[in-house]
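Undergrad: The sequence and its predicted three-dimensional model are supplied below.
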Amino acid sequence: MKHKRRAVTVGDVPGTLRFVGERKQEHIRIQLINYNEDIFEKREIESAGEYAPFITSDTVSWINVDGLHDTGPIREIGDLFSIHPLLLEDIVNTEQRPKVEEAESLVMIVLKMLMYDNEMETVESEQVSLIVKDRSLISFQEKEGDVFSGIRERLEKNRGRIRKMGADYLAYSLIDAIVDNYFLILEKLGARIENMEDAVLNDVDRNTAHEIHRLKRELFVLRRSIWPLRDVIGTFLREEIPVFGKQTLLYMKDVQDHILQIIDWVEMYRDLVSGLLDTHLSNMSNRMNAVMKVLTIIATIFIPLTFIAGIYGMNFNHMPELGYRLGYPIVLLSMGAIGAAMVVVFKLKKWL
């Protein structure tokens, strides 16, 4: 995961719209989906003013904004829906924790949408902000591309109950899609953990520790996104939020169950990865100990041989053995016998 570079916001007036984060696309894109049980309309819009006629209609309208770097359209949407400047400030600050804010007649939900890059094998995080007010929902994303294609298809083909329900149910559907995508990411990470287990047990590679630390970082990203979301959903279930009906809150309980399952899986995977790191370090230590054992045995065998060679390498005039014709082969045989005897002793003690 790439670390974002924080913009300088010290000294700004509270409510100042200043984009904080990484610019992920060139131009901002706004899409409108307007629907009820009998009507479905989807189109691109250039400004929030084009949306004004739908505010008082009996349809549910979903405005999706891709791109947060241009604060002008976001300010227009804020003026049109009477969104507090502090909430708008949170929307364009992509370093927010998942949270829920209730202000006047609307609710803002901030959460993290995660995408898995199969090529780079990394988890990419993107902030998604949802504003729910009356029969309207406005979603703000950092860039195009999301996990909502299934919801758009259900709306267009009138599948399920989504077109019979209000904006609160649409918000639930978006949250549920984001949470369900966490399961897909967990499957990817689980497969990588299984492959890493085989690599750790069968071979010792200097890159193994690096891959294990990468896995730990990806799990950290997932954990940092899902734990605060548990509190967000809990807020809906504990408090009465007028924008969300009781029927929709029943579905929120199902999302809460999914979140608890994901938390359990994340914690289990973190324990597994920590165990893999310990196993890898243990294997490295055992491999190093085996090498040191061989070198120590070799050095031990050559110590007495070196001692003998050192004695007869001294240049003294009166060394009787130096004048003996069979002295050289006798010394060689003695050194060989000593080395062989030491090898036999090491084998008996199971050091070899």
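TA: Okay, I see it.
Undergrad: So, low pLDDT: which residues of the stretch 1-150 of the chain?
TA: 1-13, 15, 54-56 (pLDDT under 70).
Undergrad: same thing but at 90, please
TA: Low-confidence segments of the stretch 1-150 of the chain (pLDDT under 90): 1-28, 36-39, 43-59, 68-74, 76-86, 94-96, 102-105, 116-125, 134-135, 144-146.
Undergrad: Which residue ranges of it form helices?
TA: For the stretch 1-150 of the chain, the helices defined by DSSP state H, counting those that start in this stretch occupy 71-81, 85-92, 149-157.
Undergrad: and those, which is most packed in?
TA: Most buried of those, by mean neighbour count (mean count of other C-beta atoms under 10 Å): helix 85-92, with a mean of 20. The way it works is simple: take the backbone N, C-alpha and C, and place the C-beta from them, glycine included.
Undergrad: and the helices of the stretch 1-150 of the chain as JSON lines, adding distance to Y328?
TA: Formatted as JSON lines, those follow (distance: least, C-beta to C-beta, whole Å):
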{"stretch": "helix 71-81", "distance to Y328": "93"}
{"stretch": "helix 85-92", "distance to Y328": "89"}
{"stretch": "helix 149-157", "distance to Y328": "87"}
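Undergrad: out of those, which comes closest to L114?
TA: The minimum distance between L114 and these falls on helix 149-157, with 15.7 Å, by C-beta to C-beta.
Undergrad: For the closest one, list the C-alpha coordinates in CSV.
TA: Taking Å, rounded to 0.1, in the frame of the first residue of the first chain, the C-alpha atoms of helix 149-157 are listed here in CSV:
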residue,chain,number,x,y,z
SER,A,149,-21.4,-2.9,-10.5
GLY,A,150,-23.7,-5.5,-9.1
ILE,A,151,-25.9,-2.9,-7.5
ARG,A,152,-26.1,-0.9,-10.7
GLU,A,153,-27.1,-4.0,-12.6
ARG,A,154,-29.8,-4.8,-10.0
LEU,A,155,-31.1,-1.3,-10.3
GLU,A,156,-31.1,-1.3,-14.1
LYS,A,157,-32.7,-4.8,-14.4
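Undergrad: Which neighbouring elements make contact with that helix?
TA: strand 29-35, strand 40-45, helix 167-202 (3 or more C-beta pairs under 8 Å, 6 or more residues apart in numbering; DSSP states H and E).
Undergrad: Indicate which one of the ones you listed is closest to D90.
TA: Nearest of these (C-beta to C-beta): helix 167-202, 16.7 Å.
Undergrad: How about that closest one, which residues are buried there?
TA: 167-179, 181-182, 185-186, 189, 192-193, 196, 199-200 (16 or more other C-beta atoms under 10 Å).
Undergrad: Same check on stretch 111-126?
TA: L111, K112, M113, L114, M115, Y116, V123, S125, E126.
Undergrad: What is the end-to-end distance of it?
TA: 9 Å (C-alpha to C-alpha, to the nearest Å).
Undergrad: Go ahead and name everything in contact with that stretch.
TA: Residues outside stretch 111-126 that contact it (C-beta atoms under 8 Å, 6 or more residues apart in numbering) are 1, 24, 94, 98, 127-128, 130, 141-143, 145-147, 175, 178, 181-182, 184-185, 188-189, 192, 214, 218, 221-222, 224-225, 229, 232.
Undergrad: Only the buried subset of those, as a PyMOL command please.
TA: In PyMOL, this line selects whichever of these come out buried by 16+ other C-beta under 10 Å:
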select buried, resi 24+94+98+127+128+130+141+142+143+146+147+175+178+181+182+185+189+192+214+218+221+222+225+229+232
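Undergrad: With respect to I33, which of the helices of the stretch 1-150 of the chain lies nearest?
TA: helix 149-157 (6.2 Å).
Undergrad: if we can go back for a sec, select, out of the helices and strands packed on helix 149-157, the one closest to I298.
TA: It is, among those and with distance given as C-beta to C-beta, helix 167-202, at 27.7 Å.
Undergrad: tell me the mean pLDDT for the closest one?
TA: The average pLDDT for helix 167-202 rounds to 90.
Undergrad: Tell me which residues touch R230, please.
TA: Per C-beta under 8 Å, 6+ apart, neighbours of R230: Q256, I259, L260, I263.
Undergrad: all strands of this protein, in order?
TA: For the chain, the strands defined by DSSP state E cover 29-35, 40-45, 60-66, 99-103, 106-117, 122-133, 136-141.
Undergrad: Bridged to N34, which residues?
TA: E41, S61 (DSSP bridges).
Undergrad: For S136, see how far away it is.
TA: Plainly put, N34 is 10 Å away from S136 if you go by C-beta to C-beta, to the nearest Å.
Undergrad: Looking at those two, which has the bigger crowd around it?
TA: The residue with more neighbours, out of N34 and S136, is S136; 23 against 20, by other C-beta atoms under 10 Å.
Undergrad: which non-adjacent residue is nearest the more buried one?
TA: S61 (5.0 Å; C-beta to C-beta, 6 or more residues apart in numbering).
Undergrad: Thanks again, I'm all set now.
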